[in-house]
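1. quick one: sequence and predicted model below, then my questions.
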Amino acid sequence: MSFRGTNASSGMGVADHSKSTYLELQRKKVHRYLIFKIDEKKKEVVIEKTGGPAESYDDFTASLPENDCRYAVYDFDFVTSENCQKSKIFFIAWSPSVSRIRAKMLYATSKDRFRRELEGIHYEIQATDPTEMDLEVLRDRAN
């Protein structure tokens, strides 16, 4: 089933590769994080970068552009107060305040549709600067 050829009002399509890579993160733990960008020419959301399981949260945040919007998925591993190893998948809508208004609007209007394509997301964070997606923020949400 392809989502290409949709009109602009319904937001962007999602590249098949984006969905299959997300499933690798979700089911097989192949990736620690994924960064997606909107390819305006193709009118779809594509993968810009993947982070391996050994990469840290700092590696992840350093991969987000300072002045442009992105969608990201981060697989957050943590230990509960009962000492259980848990994992929660975060969807992060990165929209830095300094990015272009057109980019902010494009990412905002396409977000819900894109997120619906990714089943199994536990939490969503909207961040306009790094402090809003600090590791502590994830910890608070996950516990």
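-> Structure's in. What do you need?
2. how about the helices of this structure, start to end?
-> Assigned by DSSP state H, the chain shows helices spanning 16-23, 57-62, 101-117, 135-142.
3. touching the shortest one from outside, list them.
-> What it means is helix 57-62. The list of residues contacting helix 57-62 from outside it, by CB atoms under 8 Å, 6 or more residues apart in numbering, reads 32, 33, 51, 72, 74, 130, 133, 135, 138. From N, CA and C alone the C-beta is placed, and that goes for glycine too.
4. so which bits of it are buried?
-> Along helix 57-62, these residues count as buried under the neighbour rule (16 or more other CB atoms under 10 Å): 57, 60, 61.
5. skipping adjacent residues, who's closest to the residue positioned nearest the centre of the chain in space?
-> For the chain, residue 72 is the residue whose C-alpha lies nearest the centre (CA atoms, centre = their mean; 1.8 Å). Among residues not flanking residue 72 along the chain, residue 92 sits closest, at 4.4 Å (CB to CB, 6 or more residues apart in numbering).
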